[in-house]
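Visitor: Next one to model:
(chains A and B)
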Protein chains: 2
Amino acid sequence: MGNYVIGIDLGGTNLKAGLVDRDGKIHQRLSIKTENNADPQTISNQIFYLIDEIINVGAGLKPAPTSIIGVGLGSPGLVDKKGETILFSPNLPLWRNIPIKRMVSERFSIPCVLENDANAAAWGEKWVGAGKEADSLVMLTLGTGIGGGIVINKKLWRGVNNVAAEIGHMVIQMDGPKCSCGNYGCIEAYASATAMVRRFKELLKSGAPSSLKDAGDVTAKMINDAAFQGDRASLDIIKETGHYLGVALVNIMHVLNPEVIVLTGGMIGSGDLLMDPIKQVIKEKAFEASAKETKIVFSQLGNDAGIIGAAGCLLNELEISV
Amino acid sequence: MGNYVIGIDLGGTNLKAGLVDRDGKIHQRLSIKTENNADPQTISNQIFYLIDEIINVGAGLKPAPTSIIGVGLGSPGLVDKKGETILFSPNLPLWRNIPIKRMVSERFSIPCVLENDANAAAWGEKWVGAGKEADSLVMLTLGTGIGGGIVINKKLWRGVNNVAAEIGHMVIQMDGPKCSCGNYGCIEAYASATAMVRRFKELLKSGAPSSLKDAGDVTAKMINDAAFQGDRASLDIIKETGHYLGVALVNIMHVLNPEVIVLTGGMIGSGDLLMDPIKQVIKEKAFEASAKETKIVFSQLGNDAGIIGAAGCLLNELEISV
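Guide: Coordinates of the predicted model:
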């Protein structure tokens, strides 16, 4: 058996691959741009290309191809119960009903596992990141939307249909704003980057002064930067976002009482501006035992969690089946 | 090794014991009234008395004492992480910091496990009840409050502090009514028996006609009975309760995607009047895959779940440690 796994993280804008060792360290990286509306043929060819670069061409990579154990592939969207096919992916709308696991393993004659990208990233944090020592971990990915991953008893928990950990769609206010999923008052409709920008615009409309008043198309990143410059409206909106996240995290603590909750995604760039109000709500609303013991932390692996976690899922799968 | 376990279910009004076989069948039952404000000495003496009746006196019970494997004790409140002591119990306020596990096992020289009562009941349903075939199960106990139990990968999930499955305190409306826990908008503050009675009174106050208008101190049972007699206000309030429960169940499905959700407790006496609106919300709001596959069912063991489950927890513990 070899020493390296190819971890692949398929995203709406980038397809990233890394050569990951058995300790979860990335030794080489490759990356290609992806198009949101790419057809499945193009996406799978890009995946094949990256694997081929690493295995056959080498792409300047060592070790030699023979030491590749297999491929772990993290993909957005709903993976079927057998872990073989992407059934549906909101961010890559054409990427569906693709038996990519079989396609990869047959083409390269190596084992492949397919995992939902948020699950893969959660597993990465559990394996070698912010939840390394933990038996249980819940991860929230705070970006355009809010994704999640759950580790229970040192194993990813995927649910009966592989759709567990859709934490972004937990309702915290039944009559709240409409969410992308069609329901109302999901945490995603309050605390995703998209929702934060929406609330920021509403705040400015209500007359709040801000350095971003004439900035045109405001993004979450701009709000974050302005907050660090002391912009009151931006500070208030990030604090409010932290408050909403705190409510969601207390819900998770009430239901799962995990050892660690890991926050990741673009929005954690706000650092303590986001973390302080989260911890304040937890202090006020969580059970005392839970508030004391559950660690709320930012990701340690950052954008590498997907690659590392996907590789870890392959190792996991092989250890289980061996 | 013997063939029977003594399962004990400690409640705010009754202390119940049963002789349970390895298939989860209850062969004999004993029961004593408990007082809400009973001191720990009284409660533990009552527990000892029941065990003694079964083991030593026999109380007309067969088999002989020698075939008792041990005692499983389900208690309300927070069990410490080691499963040895009740730290705190809202419904038995004086019943705290009692190392009842050790007290029982030393006194009778038999193994004893201590489990939170809702967890024990959930395990009962998993072992021989509504979730018998399931890998994962979430149970909600709908009574004065709302309790819960979670089974993941065929094991009770207790969390890092033994406070998981406090599903009743999941917030579904941040600015909702105040809950017994001090927070606002928990599902318990909408859909427990207490909350249903409160909403019913508000409805009558707003002028809605009802056969219970002059009934005095209305209870959830009375609302249920009136609903079955066709009382509009009662029907509406139960339907609304089901709607709120549906929102909570969809949250659970989003987070855990369990195979089975079991509803138990006094309020399930409303039957389809409660279940229909729950299923309607799930149809509208849950992910399609989840809505199709997660079974929403009433308890099969009813009030016996606590005794059977506590006994099952003892068997489980011994099988694990053997």
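Visitor: To which secondary structure element is the nearest residue to A:S67 once chain neighbours are set aside assigned?
Guide: Distances taken as CB to CB, 6 or more residues apart in numbering or on different chains place A:G2 nearest to A:S67, at 3.6 Å, with adjacent residues excluded. C-beta here means a position set from N, CA and C on the backbone, and glycine is covered the same way. Under the criterion DSSP states H and E, no helix or strand holds A:G2.
Visitor: need the next SSE after the longest helix along chain A, C-terminal direction.
Guide: Secondary structure assigned by DSSP state H gives helix A:232-256 as the longest helix of chain A. As assigned by DSSP H and E, the chain's next helix or strand after helix A:232-256 is strand A:260-264.
Visitor: count of residues packed around A:V250?
Guide: 26 (other CB atoms under 10 Å in any protein chain shown).
Visitor: On the pLDDT front, check the residue of the stretch 201-322 of chain A found nearest chain B for me.
Guide: As assessed by CB to the nearest CB, chain B sits closest to A:N257 within the stretch 201-322 of chain A, at 2.5 Å. pLDDT, A:N257: 98.
Visitor: so it touches A:T294, yeah?
Guide: Yes: with contact defined as CB atoms under 8 Å, A:N257 counts as touching A:T294 (6.9 Å).
Visitor: rewinding a little: what's the local residue count around the residue of the stretch 201-322 of chain A closest to chain B?
Guide: A:N257 has 26 nearby residues by other CB under 10 Å.
Visitor: Repeat that for A:N97.
Guide: 10.
Visitor: Next, the contact list for it, please.
Guide: A:85-87 (CB atoms under 8 Å, 6 or more residues apart in numbering or on different chains).
Visitor: Enumerate every residue touching A:L87.
Guide: A:77-80, A:96-97.
Visitor: JSON lines for those, including pLDDT and secondary structure?
Guide: JSON lines is the format used below for these (pLDDT from 0 to 100; DSSP: H, G, I helix; E, B strand; the rest coil):
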{"residue": "A:G77", "pLDDT": "87", "secondary structure": "coil"}
{"residue": "A:L78", "pLDDT": "87", "secondary structure": "strand"}
{"residue": "A:V79", "pLDDT": "91", "secondary structure": "strand"}
{"residue": "A:D80", "pLDDT": "91", "secondary structure": "coil"}
{"residue": "A:R96", "pLDDT": "86", "secondary structure": "coil"}
{"residue": "A:N97", "pLDDT": "89", "secondary structure": "coil"}
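Visitor: Touching stretch A:308-316 from outside, list them.
Guide: In contact with stretch A:308-316 (CB under 8 Å, 6+ apart) are residues A:5-9, A:18, A:20, A:22, A:24, A:26, A:69-74, A:111-113, A:115, A:117, A:119-125, A:127-129, A:156, A:301.
Visitor: what's the spacing between it and its chain's center?
Guide: Averaging C-alpha positions (CA atoms, centre = their mean, to the nearest Å) puts stretch A:308-316 15 Å from its chain's average.
Visitor: what is the rounded mean pLDDT of that stretch?
Guide: 97.
Visitor: For it, output the C-alpha coordinates as PDB.
Guide: In PDB, the C-alpha atoms belonging to stretch A:308-316 read as follows (Å, rounded to 0.1, in the frame of the first residue of the first chain):
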ATOM      1  CA  ILE A 308      -7.300  17.000   3.500                       C
ATOM      2  CA  GLY A 309     -10.700  15.800   4.600                       C
ATOM      3  CA  ALA A 310     -11.500  14.100   1.300                       C
ATOM      4  CA  ALA A 311      -8.200  12.300   1.500                       C
ATOM      5  CA  GLY A 312      -8.900  11.400   5.100                       C
ATOM      6  CA  CYS A 313     -12.300  10.000   4.100                       C
ATOM      7  CA  LEU A 314     -10.500   7.600   1.600                       C
ATOM      8  CA  LEU A 315      -8.100   6.400   4.300                       C
ATOM      9  CA  ASN A 316     -11.100   5.900   6.600                       C
END
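Visitor: Measure how buried the residue in the stretch 1-150 of chain A positioned nearest to chain B is and give me the count.
Guide: Distances between the stretch 1-150 of chain A and chain B by CB to the nearest CB are smallest at A:S136, namely 6.3 Å. Neighbour count for A:S136, taken as other CB under 10 Å: 25.
Visitor: and if you look at the one 4 residues further on?
Guide: By the measure other CB under 10 Å, the count of residues near A:L140 is 28.
Visitor: hang on, the earlier thing: make JSON lines from the contacts of A:N97 and add secondary structure, distance to A:V262 and pLDDT to it.
Guide: JSON lines is the format used below for the contacts of A:N97 (DSSP: H, G, I helix; E, B strand; the rest coil; distance: CB to CB, whole Å; pLDDT from 0 to 100):
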{"residue": "A:T85", "secondary structure": "coil", "distance to A:V262": "28", "pLDDT": "93"}
{"residue": "A:I86", "secondary structure": "strand", "distance to A:V262": "24", "pLDDT": "89"}
{"residue": "A:L87", "secondary structure": "strand", "distance to A:V262": "26", "pLDDT": "88"}
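Visitor: For the residue of the stretch 201-322 of chain A closest to chain B, list the residues it contacts.
Guide: A:136, A:290, A:294, B:158-166.
Visitor: Out of the residues you listed, flag the one nearest to A:S210.
Guide: A:T294 (34.6 Å; CB to CB).
Visitor: Can you show me the strands along the stretch 101-250 of chain A?
Guide: Assigned by DSSP state E, counting those that start in this stretch, the strands in the stretch 101-250 of chain A fall at A:112-116, A:137-142, A:146-152, A:155-156.
Visitor: Ok, which of those strands comes nearest B:A305?
Guide: Short answer: strand A:146-152, nearest of these by CB to CB, at 22.8 Å.
Visitor: Can you tell me what sits against that closest one?
Guide: So strand A:146-152 is contacted by A:116-123, A:126, A:131, A:134-141, A:156-157, A:164-168, A:187-188, A:191-192, A:256, A:258, A:265, B:152-153, B:157, B:255-256 (CB under 8 Å, 6+ apart).
Visitor: Give the rounded mean pLDDT of that strand.
Guide: Here the average pLDDT along strand A:146-152 is 96.
Visitor: Just want the angle from that strand to helix A:232-256.
Guide: 30 degrees (axes from the mean of the first three to the mean of the last three CA atoms, to 10 degrees).
Visitor: Walk me through the domains of chain A.
Guide: Using automatic domain parsing, the domains assigned to chain A come out as A:4-124+A:303-321, A:133-299.
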